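Novice: sequence unknown, structure follows:
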């Protein structure tokens, strides 16, 4: 079932995105648009298809980009997943259940900490050297150990998993199948691999883009060109 | 792109449903559910997967049925398509544009006419022999010819296509790409291949089911068993 | 139930849009955004709220615009309605059933006909005086009479309504309740009151905007400013 | 804006559901259905409307239940909210941002702990007296204090809020505006005030039902009757 299974580990922090399956291609996008005038065909992708895809992206014709799908298996911290699930249209999800299984000892620990941005209340900036990275890492690790220890203690006291998980932090890794179509995927990447997004979220958005781009190369090329223009 | 291209002509009335592409299978449905407890695998479908699919259907766990897709090319009369588009969740569509192209001379003509149901205001019953089929067919055909003739005359007067199409009847065939996932497809078939649905609509719903069933045989088998039980 | 019932007849062509009910206002939009930082309040709308709404629109923060609703009763020709239903997200619809009731003799007749655009295949241009308006009107009216006559004849032959309606043209008026939220409404108006849209469709989109604007004046003002800027 | 502001505190555990606004009523549901045959009216709700609502619920006619809205302000633990957001269709949400504001010291602490169910892997059972409630409460409270202390320490080290929140547990309260329509609300309540749902989640589902029921009394009465029948 899962012919394509490209592992895309996100650094050494356990998080990963794996391509599980996909269907559709650039030609299918062109064909779905061409049904408007009975022009769909089995011929290979040509220059007119590429021009059409460019046109569709620039004129907000979104529906031809829905006749395809990409499924990813995603392992990410809960605080990332909670941003992810804000995207509803054209996104399907199944996730590990903390009611059903004992949560594994899998904790996201930031490889480096950032400072609060001075002006933008919801942003961060790189450490200018004044942040005590070692101490922050020590506090984080200790907090994780205390939390996971409390979880184990509660389970040992026979507390049900569905309650006990309440003490586990949002840095806990969770595991999901996520299915997108190209329309919902580009929307997601556009908002989540963006200056305004949290760095940890951006890494995931970029991983999705890198895995999906070879499957829909013309669409991604034209979409990136459009995004670059709009940024100016 | 379109390896699978099964033609499923609907009688001699031109209408057709063609399977264009698909992804996912019964195993993928089981895997999407098993991610709940880290139990997804590459092993072939087994008896426990079948039991799980049965359980999911009977407990309204819909999301595992979303990690897949099926695209159909559908040629149907406009009055059927107008019922079809009521279904929005998990359904994508692109359709021939009557603004862009001149509408072809493709008219759905009922192979037989039905009578209004005596008690149910929105239903019909088979002709008991008292309906003048030949006369009805003649009226229908003449109406189509008059309408299509008016359309041609308007185009000949240089009236724009987007206005001129206004005189074309709802028996005109239209052509669409429709993409479903198994969840939205079963929902559609459940409502549209149903006693309460219009016969012409049911034929299409059945065609979708016949094309999709071999791709997800366990899911369809268990779903049909459930529907049969609930009907009692 | 329907305190507000503003009639907005679209010319003398029968079509109409009526505001049935609504909930939410500009303040609610600001409050939904301010829940991000616990800043929602009962105070009246102020300058900071207006600035926030402007910011939300310009940074694609769509979700705060979903906590409201507007219901319209719409009477429009079927060819307009078929464009309308392409919009699925955040739009709810109930429509007159041609299976349930006999279709009334209500036909949209264009007050003036347009010519096919010479370059843009899916557009039209104003008549430059060379189009025989009177003849086109005569052909249209005659086509309607023939079609409606055939419909009546079929009913007279005891043909069921759900089949007989097949001969009725797309200029037939249909009647629906449509419910939007402000997000889906602005999306709709942006695409359908647009140069690329069919003139008949644009009239409806404008009617929706005129009815909704007094209910969300700041949102509409800021949205119009943004659209105007992007057009340059 | 928020005329109706009924406080519904969930025990002494801080969690709450507040009705913020609503629109539509049982009559509007009947009217939306009656547009099918041009039968909508301004008359008060009558016995035929009630019968119609009953019929709609029993025949899966969902769309008439979408022309209304209810907005709630919800304060719930993150582990509850993560179940909530699985429901996408017809649900809108805005939530407190842990990037934007410092998280308050608001922790859900279970008033009593339950044991893991012996047979059902994802369920819990009431304590039979063998669970050391006092010790579990102590462990939970200590875990919260350690986690919130670590959060404060990280902020004190100038770590950005968007990272620091990673150490906060899923028992942290979060605050959202949630908007439903009656269709999506009944679907939510049906799945989440259910034997199979986690007890903490059920309390919220029941709170929603209690607040919404007086606004749509006929719909809730008929829906409850249907659910009760199906349970047999």
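Specialist: Here it is on my side, so go on. All values reported here derive from a predicted model rather than from experimental measurement. Residues are numbered from 1 along each chain as shown, chains lettered A, B, ... in the order given.

Novice: can you give me the strands for chain A?
Specialist: Listed in chain order, the strands of chain A (DSSP state E) span A:7-9, A:16-23, A:69-77, A:91-95, A:115-116, A:124-125, A:173-180.

Novice: Now chain A against chain C: closest residue?
Specialist: residue A:89 (5.6 Å; C-beta to the nearest C-beta). Heads up, the C-betas are built off the backbone N, CA and C, glycines and all.

Novice: Measure how buried that residue is and give me the count.
Specialist: A total of 16 residues lie near residue A:89 under the criterion other C-beta atoms under 10 Å in any protein chain shown.

Novice: From residue A:221, how far off is residue A:228?
Specialist: Going from residue A:228 to residue A:221 by C-beta to C-beta, to the nearest Å gives 11 Å.

Novice: out of the two, which sits in the busier spot?
Specialist: Higher neighbour count among residue A:228 and residue A:221: residue A:221, with 15 against 9, using other C-beta under 10 Å.

Novice: Mind jotting down where the helices sit in chain A?
Specialist: In chain order, chain A shows helices spanning A:26-34, A:47-58, A:78-84, A:133-156, A:161-164, A:182-192, A:199-212, A:217-231, with DSSP state H as the criterion.

Novice: elements contacting the third one?
Specialist: So that's helix A:78-84. With contacts defined as 3 or more C-beta pairs under 8 Å, 6 or more residues apart in numbering or on different chains; DSSP states H and E, helix A:78-84 has these neighbours: strand A:69-77, strand A:173-180, helix A:199-212, helix D:78-84.

Novice: CSV for the ones you listed, including mean pLDDT, distance to residue D:129 and mean neighbour count?
Specialist: CSV is the format used below for those (pLDDT from 0 to 100; distance: least, C-beta to C-beta, whole Å; neighbours: other C-beta atoms under 10 Å in any protein chain shown):
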stretch, mean pLDDT, distance to residue D:129, mean neighbour count
strand A:69-77, 94, 38, 25
strand A:173-180, 95, 34, 23
helix A:199-212, 93, 44, 20
helix D:78-84, 92, 26, 22
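
Novice: closest to residue C:170 out of these?
Specialist: Among the helices and strands packed on helix A:78-84, the nearest to residue C:170 by C-beta to C-beta is strand A:69-77 (33.1 Å).

Novice: now check that closest one, is it near chain D?
Specialist: Yes - interface with chain D: strand A:69-77 contributes residue A:77 (C-beta under 8 Å from any C-beta of the partner chain).

Novice: Run through the bridge partners of the nearest residue to residue A:21 once chain neighbours are set aside.
Specialist: Ranked by C-beta to C-beta, 6 or more residues apart in numbering or on different chains and with sequence neighbours excluded, the top spatial neighbour of residue A:21 is residue A:71, at 4.8 Å. Following DSSP bridges, residue A:71 is listed with bridge partners residue A:21, residue A:179.

Novice: who's in contact with residue A:71?
Specialist: With contact set as C-beta atoms under 8 Å, 6 or more residues apart in numbering or on different chains, residue A:71 has these partners: A:19-22, A:177-179, B:24, B:28, B:67.

Novice: Relative to residue D:124, how far out is the residue lying farthest from the centre of chain A?
Specialist: Relative to the average C-alpha location in chain A, and by C-alpha atoms, centre = their mean, no residue lies farther out than residue A:157, which sits at 36.6 Å. From residue A:157 over to residue D:124 the distance is 13 Å, taken as C-beta to C-beta.

Novice: next one: residue A:118
Specialist: Distance check for residue A:118 against residue D:124: by C-beta to C-beta, it reads 47 Å.

Novice: before we move on, what about residue A:203?
Specialist: Using C-beta to C-beta, which is the criterion applied here, residue A:203 is 36 Å from residue D:124.

Novice: Can you get me a residue count around residue A:55?
Specialist: Look at residue A:55: counted by other C-beta under 10 Å, it has 12 neighbours.

Novice: show me what contacts it?
Specialist: residue A:61.

Novice: Check residue A:213 too.
Specialist: For residue A:213, the contacting residues are residue A:220, by C-beta under 8 Å, 6+ apart.

Novice: Then residue A:94?
Specialist: A:176-177, B:32-33, B:35-36, B:63-64, B:67.

Novice: Got the domain ranges for chain A?
Specialist: Annotated domains of chain A cover A:7-97+A:172-231, A:115-167 [automatic domain parsing].

Novice: among these, which is the most enclosed?
Specialist: Of all the domains of chain A, domain A:7-97+A:172-231 has the most neighbours on average by mean count of other C-beta atoms under 10 Å in any protein chain shown, namely a mean of 19.

Novice: Check the offset of that one from the chain's centre.
Specialist: In terms of C-alpha atoms, centre = their mean, to the nearest Å, the centre of domain A:7-97+A:172-231 is set 9 Å apart from its chain centre.

Novice: so where's chain A shaky on pLDDT?
Specialist: For chain A, applying pLDDT under 70 flags the ranges A:1-9, A:11-13.

Novice: Quick one: name the residues of it near chain B.
Specialist: Taking C-beta under 8 Å from any C-beta as the criterion, the neighbours of chain B within chain A are A:1-2, A:20-25, A:27-28, A:31-33, A:35-38, A:40, A:42, A:63-64, A:66-69, A:71, A:73, A:92-97, A:100-101, A:175-177, A:179, A:181.

Novice: again, only using 6 Å
Specialist: Within chain A, the positions lying close to chain B (C-beta under 6 Å from any C-beta of the partner chain) are A:1, A:21, A:23, A:25, A:27-28, A:32, A:35-37, A:63-64, A:66-67, A:69, A:71, A:92, A:94, A:97, A:100-101, A:177, A:179.

Novice: and the residue of chain A closest to chain C, how far is that from residue C:184?
Specialist: When distances are taken as C-beta to C-beta, residue A:89 and residue C:184 turn out to be 11 Å apart.

Novice: what do you get for residue A:169?
Specialist: Separation of residue A:169 from residue C:184 (C-beta to C-beta) stands at 37 Å.

Novice: Ok, residue A:203 next?
Specialist: Distance of residue A:203 to residue C:184, computed by C-beta to C-beta: 32 Å.

Novice: re the thing from before, as TSV, the helices of chain A with distance to residue C:50 would be great.
Specialist: Supplementary listing: those in TSV, determined by distance: least, C-beta to C-beta, whole Å:
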stretch	distance to residue C:50
helix A:26-34	39
helix A:47-58	31
helix A:78-84	27
helix A:133-156	40
helix A:161-164	45
helix A:182-192	24
helix A:199-212	30
helix A:217-231	25
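
Novice: among those helices, which is nearest residue C:14?
Specialist: When the helices of chain A are ranked by proximity to residue C:14 (C-beta to C-beta), helix A:26-34 comes first, at 34.1 Å.

Novice: Which strands and helices lie in contact with that closest one?
Specialist: Using 3 or more C-beta pairs under 6 Å, 6 or more residues apart in numbering or on different chains; DSSP states H and E, the elements in contact with helix A:26-34 are helix A:47-58.

Novice: Thank you, goodbye.
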